[in-house]
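let's see this in three dimensions:
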Amino acid sequence: MMTKQIGLAWALAGVLLAGVAGAALAAGTGAAPASDKAAIEKIVHDYILAHPEIIPEAMNRLQTREVTRLLDSNRKEIETPFASAVAGNPKGDVSVVVFFDYACPYCKQGHADIQKLVASDPSVRVVYRDFPVLSPASEEAAMASLSAAQQGQYQRFHNTMFESPGKVSHERTVAMVRSAGLNEMQTAKDLNAPALKAEIKKNLELGRALGLTGTPSYVVGNQILSGAVGLEKLKEAVAEARKPASNAG
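Next up is the predicted model:
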């Protein structure tokens, strides 16, 4: 995130250097020609000091553009579910993509919010991206989760994991596999399946590309939401994604 902020700061400096100085020159400030770098920098410096309120606005706009660019360049990978790792309306007009870890207590809260969102909005499509970053046990649970997706039982296993008490462990994952009615032999075999490991690797790489710093994280339209933001924030993000201007980027 620090690298991204530094990049935005450089971009902001470039915008201000080109835009603000150009505007000042066009306004007839009597400044030196554009080729005079020192004179232009002084114009920008003085303008910023006189109008400091432009800094947060410009930074917000640049950050929004950067996030939109990142999401657009990875949109297909982000919004395409693995097998049956999807909920809600499969043809919904807005996709809510959830990056989660079964060992994350905040993800349990986020799970409840997603359940309420789906119940309240029949046009929302939810895509689950297993994002095990907390422990080896959460990675094993993610592998079992993807096995459930291949067996067409993703939602049953997912709900069982989040709606049953206890910390994530090998023993608990095995118990949840049984409770969800999965094929135990197939699931045990899938725990070492290269295709499922490749899916988890892809999700982790997507997370890094998007600058995700923890779980849960949500991608809704052109927004990235971090943490258990709550039902209302999710609804607001869905409403924003439905706006034509937002969808147009």
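
what's the burial count for the nearest residue to Tyr102 once chain neighbours are set aside?
Counting by Cβ to Cβ, 6 or more residues apart in numbering, Tyr102 lies nearest to Ala141, which is 4.2 Å off, once chain neighbours are set aside. All C-beta atoms are positioned from the backbone trio N, CA, C, and that covers glycine. By the criterion of other Cβ atoms under 10 Å, Ala141 has 25 neighbours.

give the buried residues for the helix or strand in which Ala144 is found.
For Ala144, the host element (DSSP states H and E) is helix 136-150. Buried residues in helix 136-150, defined by neighbour count with 16 or more other Cβ atoms under 10 Å: 137-150.

likewise stretch 159-173?
For stretch 159-173, by 16+ other Cβ under 10 Å, it's 160-162, 168, 172-173.

how long is it from one end to the other?
Using Cα to Cα, to the nearest Å, the gap from the first to the last residue of stretch 159-173 comes to 13 Å.

list the contacts of that stretch.
102-103, 107-108, 111, 135, 137-138, 140-141, 144-145, 176, 179-180 (Cβ atoms under 8 Å, 6 or more residues apart in numbering).

and for stretch 195-215?
Contacts for stretch 195-215 (Cβ under 8 Å, 6+ apart): 1, 4, 70-71, 74, 77-78, 82, 99-101, 104, 106-107, 129-134, 139, 142-143, 146-147, 150, 190, 217, 219, 224, 226-227.

apply 6 Å and report the result again.
Residues outside stretch 195-215 that contact it (Cβ atoms under 6 Å, 6 or more residues apart in numbering): 1, 4, 70, 77, 82, 99-101, 104, 107, 129, 131, 142-143, 146, 190.

using CSV, list the CA coordinates for that stretch.
Output of stretch 195-215 as CSV, limited to C-alpha atoms (Å, rounded to 0.1, in the frame of the first residue of the first chain):
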residue,chain,number,x,y,z
ALA,A,195,-5.7,-27.6,-10.1
LEU,A,196,-7.0,-26.6,-6.7
LYS,A,197,-3.6,-25.4,-5.5
ALA,A,198,-3.4,-23.4,-8.8
GLU,A,199,-6.7,-21.7,-8.0
ILE,A,200,-5.5,-20.7,-4.5
LYS,A,201,-2.3,-19.4,-6.0
LYS,A,202,-4.3,-17.4,-8.5
ASN,A,203,-6.5,-15.9,-5.8
LEU,A,204,-3.4,-14.9,-3.7
GLU,A,205,-1.8,-13.3,-6.8
LEU,A,206,-5.0,-11.4,-7.5
GLY,A,207,-5.1,-10.2,-3.9
ARG,A,208,-1.6,-8.9,-4.2
ALA,A,209,-2.3,-7.2,-7.5
LEU,A,210,-5.3,-5.4,-6.0
GLY,A,211,-3.3,-4.4,-2.8
LEU,A,212,-5.6,-6.4,-0.5
THR,A,213,-4.2,-6.2,3.1
GLY,A,214,-6.5,-8.7,4.9
THR,A,215,-9.8,-10.5,5.0
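
tell me the domain boundaries of this structure?
Following automatic domain parsing, one finds the domains of the chain at 2-52, 79-247.

could you list the low-confidence segments of the chain?
1-35, 44, 47-48, 51-65, 67-68, 245-249 (pLDDT under 70).

which stretches of it form helices?
Remark: helices assigned in the chain by DSSP state H are 2-26, 37-50, 54-79, 105-120, 136-150, 154-163, 170-179, 184-190, 194-210, 231-242, 244-247.

turn those into CSV, including distance to Pro90.
Compiled in CSV, the helices of the chain are given as follows (distance: least, Cβ to Cβ, whole Å):
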stretch, distance to Pro90
helix 2-26, 33
helix 37-50, 50
helix 54-79, 12
helix 105-120, 12
helix 136-150, 14
helix 154-163, 12
helix 170-179, 25
helix 184-190, 24
helix 194-210, 19
helix 231-242, 16
helix 244-247, 19
